[in-house]
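**Student:** build me a structure from this.
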Amino acid sequence: MTVDRSSWALSRDGDGLAWLTFDRPDAAANTLSAATVDEFVAMLDLLERDAPRGLVIRSGKSNGFIAGADVGEFGAIHDAAAARALVERGWRAFERLAGVRYPAVALVRGFCLGGGLELALACRYRVVVDEPATRLGLPEVMLGIVPGWGGIKRLPALVGAPAALDLLLTGRTIDARRARKLGLADECVPPRIMANTARGVLLAASAPRRLGFPLSLTLTTPGRRFVADRAAKAVEKRASRAHYPAPYAILELFRRYDGNALAPPVGNPAAIDALLATPTARNLIRVFGLQERLKSFGKADAAAVTRVHVIGAGAMGGDIAAWCALRGMTVTLQDQDAVRLTPAFARAATLFKSRLRDNRRIRDASDRLIPDVAGDGIAHADLVIEAIFENVDAKRAVFAEVEKRARADAVLATNTSSIPLEDIASVLAAPQRLVGVHFFNPVARMMLVEIVAGRESDPAALARAAGFVRAIDRLPLPVKSAPGFLVNRVLAPYLMTAMRCVDEGIAAETVDRAAVAFGMPVGPIELADAVGLDICLAVGRMLAKDAAVPRTLAERVDAGRLGKKSGQGYYLWKDGKAQKGVAGVPDAGLTSRLIDPMVAEARAALAEGIVADADLVDAGAIFGTGFAPFRGGPLHYAANEDERAD
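**Tutor:** A predicted model of the protein is given here:
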């Protein structure tokens, strides 16, 4: 017998087990809305009347278990009563699941995030599938809210407070093996035996996992205070309470309320109504929407590219090649000789080891990255990426040769950071084949990739390039070919203004302090050093119009002090970190002096149609320049005067 309730289907097998499958119709991924939670409760009502021997909860989607709560519902909430009602609905449903008299197991394959993980935590057991797509986490803090459906209560009870708070406060996700090691998962198995394992776990009906000593001490009242106080000190180093209240609310809920998001009184800073009323939550939910929009670009063409050839094994090209291999592409990497390839392969090995943590997967990724001095891979590639130094004549020479050797249907892409595509494509017999695929440094951390359309770029080639970017788990932003495209154009006046402040005698540390206080992840001077002062100088000269480049920038480049890559720029760099002196107190107006040029350039880029609309300008600034996410983007920030005083 099978019972359907729109998104949920319930069936029973010969062993007396019930199988509850979640599959939202007309949706690419499962999310928990008010309606689907109510349907879930209705299924629990059925099971209460005729209790099974055990219950398996699984997804009917091939891409994952549950992606979390329906973020659109959070964004539509405008009063305290509605906020509390939303939290109460999920809290009561999962409390009901946790208290059923039969054992329940969550069978998790693919993503299991937010409310999805909270549902899994309410089950007695969790079976996770060991494959790269399986990721578990509670990312609500990244939306400016908290896990309100039991995650703050149940996760510490399973894995101990230190590991739980690390996940809760960062929003990071973990893979299946890590989940098993932490105690979050009871079993970690390959796909072929996942259903039988879930069945076996229920039939065995072993005692639920209990937290051992001494981790159990972290759940006592003194233990909670100690762990929460230590975690708060770490949070204070990276997130201001005024700018990001959610992590502090999580700590308060853990410390005082046993993770019950309904316990704080209305208006308490830890209460969900108070969090949802903050500009931070509104803006971070907005940023989530911007990210989802970027993900939609190239979605239809995400499988069109499987073989990539990268020309240029420098810091950018080598890291692009390594990232593509990490994400499953077969990659050939070309440079003038094997000696130039060696550092790129060393960095790739470090990346694979840190990200994959499994000898077999590390080996497979390494096998996918192939040295290719002769450029033989050009003839087999679906996409050829040029990533050499910023010189238009050199790039023209590369593409004149590539066009002769590449397949007729291959996409030709340049990673130029600033040169208009028309200037490069002029040597091609078929200039419509050339598109821009502009990555940002460091490749392994920066999510945004600009998809640059020249005047003659083929829309089909642009779509395939965007699909490639999605296939390697990056965010494509369609931009028009123009000097600096979008991100560098918006970023350049910010960096140039910061360096002119140093010209005037303001300490670099003080300039950076003003920007970080505004909410930027790093200051502009440190960022310029990380990007490379030679690159900043080249971009500055191209985009500066009639203004002279900063004196201190030109002096450092002339002296070979190029920033992090040379060991010294505005700062001395040791072990990958800028060695800073004591920052002074920024003068009133310094922050506005830094940010206003970025806002002005964002407006100009929009007016010139570099991207389609204001939301995409904001998305590019947030994901490409690091513009303070809790402010919603430069144009959104400028349009909301009530937030500008923060």
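**Student:** so after the host helix or strand of A346, what's the next helix or strand?
**Tutor:** Element membership for A346 (DSSP states H and E) is helix 338-356. Later in the chain than helix 338-356, the nearest helix or strand by DSSP H and E is helix 359-368.
**Student:** helices or strands next to that next one in the packing?
**Tutor:** When contacts are defined as 3 or more CB pairs under 8 Å, 6 or more residues apart in numbering; DSSP states H and E, helix 359-368 packs onto helix 315-326, helix 338-356. From N, CA and C alone the C-beta is placed, and that goes for glycine too.
**Student:** for the shortest one, give me every contacting residue.
**Tutor:** Looking back up the chat, that one is helix 315-326. When contacts are defined by CB atoms under 8 Å, 6 or more residues apart in numbering, helix 315-326 is touched by residues 308, 310-313, 331, 333, 335, 341, 343-345, 347-348, 351-352, 355-356, 365-366, 368-369, 385, 387-388, 415, 439, 441-444, 472, 565.
**Student:** if we can go back for a sec, angle of the helix holding A346 against helix 359-368?
**Tutor:** For helix 338-356 against helix 359-368, the angle by axes from the mean of the first three to the mean of the last three CA atoms, to 10 degrees is 150 degrees.
**Student:** pull out the buried positions in helix 338-356.
**Tutor:** With burial defined by 16 or more other CB atoms under 10 Å, the residues of helix 338-356 counted as buried are R340, L341, A344, F345, R347, A348, L351, F352, R355, L356.
**Student:** what mean pLDDT does it get?
**Tutor:** Helix 338-356 carries an average pLDDT of 96.
**Student:** helices or strands next to that helix in the packing?
**Tutor:** On a contact count with 3+ CB pairs under 8 Å, 6+ apart, helix 338-356 meets helix 315-326, strand 330-334, helix 359-368, strand 369-371.
**Student:** swap the cut-off to 7 Å and go again
**Tutor:** Where contact means 3 or more CB pairs under 7 Å, 6 or more residues apart in numbering; DSSP states H and E, helix 338-356 is packed against helix 315-326, helix 359-368, strand 369-371.
**Student:** residues making contact with that helix?
**Tutor:** Applying CB atoms under 7 Å, 6 or more residues apart in numbering, the contact partners of helix 338-356 are 313, 318-319, 321-322, 325-326, 333, 335, 362, 365-366, 369, 371, 373, 444.
**Student:** enumerate every residue touching the spatially most central residue of the chain.
**Tutor:** In the chain, the C-alpha nearest the mean C-alpha coordinate belongs to M447, at 6.3 Å (CA atoms, centre = their mean). Neighbour list for M447: R474, L475, F623 [criterion: CB under 7 Å, 6+ apart].
**Student:** can you lay out the helices and strands packed on helix 359-368 as JSON lines showing distance to I193?
**Tutor:** Shown next, in JSON lines, are the helices and strands packed on helix 359-368 (distance: least, CB to CB, whole Å):
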{"stretch": "helix 315-326", "distance to I193": "27"}
{"stretch": "helix 338-356", "distance to I193": "22"}
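**Student:** so which of these gets nearest E422?
**Tutor:** helix 315-326 (21.9 Å; CB to CB).
**Student:** gap between the closest residue to L527 other than its chain neighbours and L594?
**Tutor:** Nearest residue to L527, sequence neighbours excluded (CB to CB, 6 or more residues apart in numbering): L495, at 6.9 Å. If you measure L495 against L594 using CB to CB, to the nearest Å, the figure is 9 Å.
**Student:** kindly report the same for I174.
**Tutor:** Applying CB to CB to I174 and L594 gives a distance of 37 Å.
**Student:** need the residues touching each of L495 and L594.
**Tutor:** P524.
**Student:** can you list the domains in this structure?
**Tutor:** Here the domain parsing of the chain from automatic domain parsing is 5-278, 301-481, 488-645.
**Student:** mind checking which of those domains is nearest L290?
**Tutor:** Among the domains of the chain, the nearest to L290 by CB to CB is domain 488-645 (4.1 Å).
**Student:** starting at the chain centroid, how far to that closest one?
**Tutor:** Put simply, domain 488-645 sits 22 Å off its chain's centre (CA atoms, centre = their mean, to the nearest Å).
**Student:** need the mean per-residue confidence for that domain.
**Tutor:** 93.
**Student:** now swap in stretch 139-151 and tell me
**Tutor:** 96.
**Student:** which residues in the stretch 351-500 of the chain form strands?
**Tutor:** Counting by DSSP state E, counting those that start in this stretch, the stretch 351-500 of the chain has strands at residues 369-371, 383-386, 411-414, 434-438, 448-453, 475-480.
**Student:** and A234, how many neighbours?
**Tutor:** A234: 14 surrounding residues under other CB atoms under 10 Å.
**Student:** same question, V549
**Tutor:** V549 has 19 neighbouring residues, counting by other CB under 10 Å.
**Student:** wait, isn't it in contact with V539?
**Tutor:** No. With contact defined as CB atoms under 7 Å, V549 does not count as touching V539 (9.7 Å).
**Student:** contacting residues around G454?
**Tutor:** L421, E422, A425, L434, S481.
**Student:** what is the burial count for the residue lying closest to A69 once chain neighbours are set aside?
**Tutor:** Setting aside the residues directly before and after it, A69 is nearest to G115 in space (CB to CB, 6+ apart), at 4.1 Å. Neighbours of G115 under the rule other CB under 10 Å: 29.
**Student:** what of the one 3 residues further on?
**Tutor:** Around E118 sit 30 other residues, with neighbours defined as other CB under 10 Å.
**Student:** that one should be in a helix, yeah?
**Tutor:** Yes. Under DSSP: H, G, I helix; E, B strand; the rest coil, E118 falls within a helix.
**Student:** thought G150 was touching it, still the case?
**Tutor:** Yes. The pair E118 and G150 qualifies as a contact (CB under 7 Å) at a distance of 5.1 Å.
**Student:** spit out the residues that contact those two alike.
**Tutor:** Common contacts of E118 and G150 (CB under 7 Å, 6+ apart): F94.
**Student:** which of the helices and strands packed on helix 359-368 sits closest to A281?
**Tutor:** Nearest of these to A281, taken as CB to CB: helix 338-356 at 30.6 Å.
**Student:** could you dump that closest one to PDB, C-alpha only?
**Tutor:** Presented in PDB, the C-alpha positions along helix 338-356 are these (Å, rounded to 0.1, in the frame of the first residue of the first chain):
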ATOM      1  CA  ALA A 338      58.300  21.000 -17.700                       C
ATOM      2  CA  VAL A 339      60.100  23.200 -15.300                       C
ATOM      3  CA  ARG A 340      57.400  25.800 -15.500                       C
ATOM      4  CA  LEU A 341      54.700  23.100 -14.900                       C
ATOM      5  CA  THR A 342      56.400  21.800 -11.700                       C
ATOM      6  CA  PRO A 343      55.100  24.500  -9.200                       C
ATOM      7  CA  ALA A 344      51.600  24.200 -10.500                       C
ATOM      8  CA  PHE A 345      51.500  20.400 -10.000                       C
ATOM      9  CA  ALA A 346      52.900  20.900  -6.500                       C
ATOM     10  CA  ARG A 347      50.100  23.300  -5.600                       C
ATOM     11  CA  ALA A 348      47.600  20.900  -7.100                       C
ATOM     12  CA  ALA A 349      48.800  18.100  -4.900                       C
ATOM     13  CA  THR A 350      48.400  20.300  -1.900                       C
ATOM     14  CA  LEU A 351      44.900  21.200  -3.000                       C
ATOM     15  CA  PHE A 352      43.800  17.600  -3.600                       C
ATOM     16  CA  LYS A 353      45.200  16.400  -0.300                       C
ATOM     17  CA  SER A 354      43.500  19.200   1.700                       C
ATOM     18  CA  ARG A 355      40.100  18.900  -0.100                       C
ATOM     19  CA  LEU A 356      39.700  15.200  -0.700                       C
END
